[in-house]
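Colleague: After the sequence you'll find the predicted model.
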There are 2 protein chains.
Amino acid sequence: MLLQGKKGVWIKMPIELVNLVEPAVKEGFYCHHAESRYLMLVHWLPSTPNTLPANASHRVGVSAFVMNEKNEVLVVQEKDGKLQGTGLWKFPTGVVDEGEDICDAAVREIKEETGIDSEFVEILAFRQSHKSFFEKSDLFFVCMLQPLSFDIRPQEAEIEAAQWMPFEEYTAQPFVQEHEFQRYIADVCLAKKDEGYSGFSPVPMVSDFSLPKSYLYLNQQDLDI
Amino acid sequence: MLLQGKKGVWIKMPIELVNLVEPAVKEGFYCHHAESRYLMLVHWLPSTPNTLPANASHRVGVSAFVMNEKNEVLVVQEKDGKLQGTGLWKFPTGVVDEGEDICDAAVREIKEETGIDSEFVEILAFRQSHKSFFEKSDLFFVCMLQPLSFDIRPQEAEIEAAQWMPFEEYTAQPFVQEHEFQRYIADVCLAKKDEGYSGFSPVPMVSDFSLPKSYLYLNQQDLDI
């Protein structure tokens, strides 16, 4: 149990001790959040408005646009998921791990799914969507990365197949043409390929309030830094 | 209880029934997430890798850069928080509510804190930081908004004072000068004010997999749409 400014009381309850939740609830505690092995309870003491930090509300995902010098993009077919068996070739995607930077997550996912080494360049666009799972929301960042290796080794567990595919062939797929989001992303990638589009690139910095390192993502080209 | 592809079993346990968590844990269930009045338990049945959606990992915040025609920015002094009593004038900030779009959250926060009506223009930059609360992370979006009204009425509960302040006076504050993040944001706002900077603006669209409306944020100026 820890006191936060003497106004909010927290109890971190291991899942093995959840039999103690009921008496705590009778004393005015309620759930704040939970991870696999514990439940965090909280009680706001004063009559002033509750200023405890809000629970996490979003999951963060990444999609990777990786193009080689022959204007071929790195694409995969997934073993599981809604697009399984459709023959669709898509950009590698994944979920950002706990405590992981978006730029690192994109590099990691490409390596895991295809064996390709890469360097992060920019965030080209992102989508916010709601009720992706239960009441939670989703932020999905479309990232551009520069490949540093070219020999593909698909991950066996999740990836059916992976290849370098001509960009025009990727965009010509019916799924890409028929979905507004996919079309926009294809347009953005085309604009980027022809060097007329600037996204947000990461600037490492010392944060005011949190851990030493954090990234600020901004349009460095227009800022001229 | 609902079955998801017959592989994962979910139990949504109201806080009043948490005495049932212990027997469920003995059967192999663990916590997935919790909101104030319930705990969500899950059990992954097969021996294949767990493909259940990850728990929400990020809280999302917004900061608002609002400038009038006299090059004055909308700034506030907060009653609570780490900067209380420092005399610092800062951009209005707030947390994105459950299911709320970033662009709507920025408009709402400005209205709530200062009484000013505004129209969303762009996301100028954003920061990702980690371990902001417990193990969770934070995405903090710096937004530009166009004011539609100019008569300030500060919110009594949270705001000590609010005013229109010359932009140069805002940036000259020692806190802004001494913090790398604040300096970058001031530079970005200056570049935007002089019209040499393009951020990401929201495009409403029909999403592939989620609710009818979602927003894609991208550099519309470079995309020429």
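Modeller: Looks like it arrived, so ask away.

Colleague: Not counting sequence-adjacent ones, nearest residue to A:Leu20?
Modeller: In space, and not counting its chain neighbours, A:Leu20 is closest to A:Met13: 6.3 Å by CB to CB, 6 or more residues apart in numbering or on different chains. C-beta: built from backbone N, CA, C; applies to glycine.

Colleague: looking at this, that neighbour is in a strand?
Modeller: Yes. Counting by DSSP: H, G, I helix; E, B strand; the rest coil, A:Met13 is located in a strand.

Colleague: Now for it: which residues touch it?
Modeller: Counting by CB atoms under 8 Å, 6 or more residues apart in numbering or on different chains, A:Met13 makes contact with A:Leu20, A:Val21, A:Ala24, A:Tyr38, A:Leu39, A:Met40, A:Leu41.

Colleague: tell me which of those is nearest to B:Asp187?
Modeller: Nearest to B:Asp187 among the contacts of A:Met13: A:Met40, at 38.3 Å, using CB to CB.

Colleague: what sits against that closest one?
Modeller: A:Trp10, A:Ile11, A:Lys12, A:Met13, A:Cys31, A:His32, A:His33, A:Ala34, B:Ala34, B:Phe134.

Colleague: Drop anything exposed from those.
Modeller: The neighbour-count test (16 or more other CB atoms under 10 Å in any protein chain shown) marks A:Trp10, A:Ile11, A:Met13, A:Cys31, A:His32, A:His33, A:Ala34, B:Ala34 as buried among the contacts of A:Met40.

Colleague: Now, of the contacts of A:Met13, which are buried?
Modeller: The neighbour-count test (16+ other CB under 10 Å) applied to the contacts of A:Met13 identifies A:Val21, A:Ala24, A:Tyr38, A:Leu39, A:Met40, A:Leu41 as buried.

Colleague: Could you give the bridge partners of the last one?
Modeller: By that I understand A:Leu41. A:Ile11, A:Cys31 (DSSP bridges).

Colleague: Show the contacting residues for it.
Modeller: By CB under 8 Å, 6+ apart, the contact list for A:Leu41 reads A:Trp10, A:Ile11, A:Lys12, A:Met13, A:Val21, A:Ala24, A:Val25, A:Phe29, A:Tyr30, A:Cys31, A:His32.

Colleague: Show me what the helix or strand in which A:Ile110 is found is packed up against.
Modeller: Assigned by DSSP states H and E, A:Ile110 belongs to helix A:102-114. On a contact count with 3 or more CB pairs under 8 Å, 6 or more residues apart in numbering or on different chains; DSSP states H and E, helix A:102-114 meets strand A:58-66, strand A:72-78, strand A:93-95, strand A:118-133, strand A:136-147, strand A:159-166, strand A:213-218.

Colleague: I'd like these as JSON lines, with mean pLDDT, mean neighbour count and distance to B:Pro92 appended.
Modeller: Output for these, formatted as JSON lines (pLDDT from 0 to 100; neighbours: other CB atoms under 10 Å in any protein chain shown; distance: least, CB to CB, whole Å):
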{"stretch": "strand A:58-66", "mean pLDDT": "97", "mean neighbour count": "23", "distance to B:Pro92": "21"}
{"stretch": "strand A:72-78", "mean pLDDT": "96", "mean neighbour count": "22", "distance to B:Pro92": "41"}
{"stretch": "strand A:93-95", "mean pLDDT": "94", "mean neighbour count": "17", "distance to B:Pro92": "31"}
{"stretch": "strand A:118-133", "mean pLDDT": "93", "mean neighbour count": "22", "distance to B:Pro92": "20"}
{"stretch": "strand A:136-147", "mean pLDDT": "96", "mean neighbour count": "23", "distance to B:Pro92": "22"}
{"stretch": "strand A:159-166", "mean pLDDT": "95", "mean neighbour count": "16", "distance to B:Pro92": "45"}
{"stretch": "strand A:213-218", "mean pLDDT": "92", "mean neighbour count": "23", "distance to B:Pro92": "19"}
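
Colleague: any idea which residue sits dead centre in chain A?
Modeller: Centroid-nearest residue in chain A: A:Gly61, 2.4 Å away (criterion: CA atoms, centre = their mean).

Colleague: So in terms of bridging, what pairs with the nearest residue to that residue once chain neighbours are set aside?
Modeller: Counting by CB to CB, 6+ apart, A:Phe140 is the residue found nearest to A:Gly61 once chain neighbours are left out, at 4.5 Å. With DSSP bridges as the criterion, A:Phe140 is bridged to A:Gly61, A:Arg127.

Colleague: Against A:Arg127, how distant is A:Phe140?
Modeller: According to CB to CB, to the nearest Å, A:Phe140 stands 5 Å off from A:Arg127.

Colleague: Of the buried ones among the contacts of A:Met13, which is the nearest to chain B?
Modeller: Checking those against chain B with CB to the nearest CB, the nearest one is A:Val21 at 4.1 Å.

Colleague: helix or strand for that closest one, which one?
Modeller: Going by DSSP H and E, A:Val21 is part of helix A:21-26.

Colleague: Could you see whether chain B lies near that helix?
Modeller: Yes. With CB under 8 Å from any CB of the partner chain as the measure, helix A:21-26 is seen reaching chain B through A:Val21, A:Glu22, A:Val25.

Colleague: Can you give me the distance of the last one to B:Asn19?
Modeller: A:Val25 sits at a distance of 10 Å from B:Asn19 (criterion: CB to CB).
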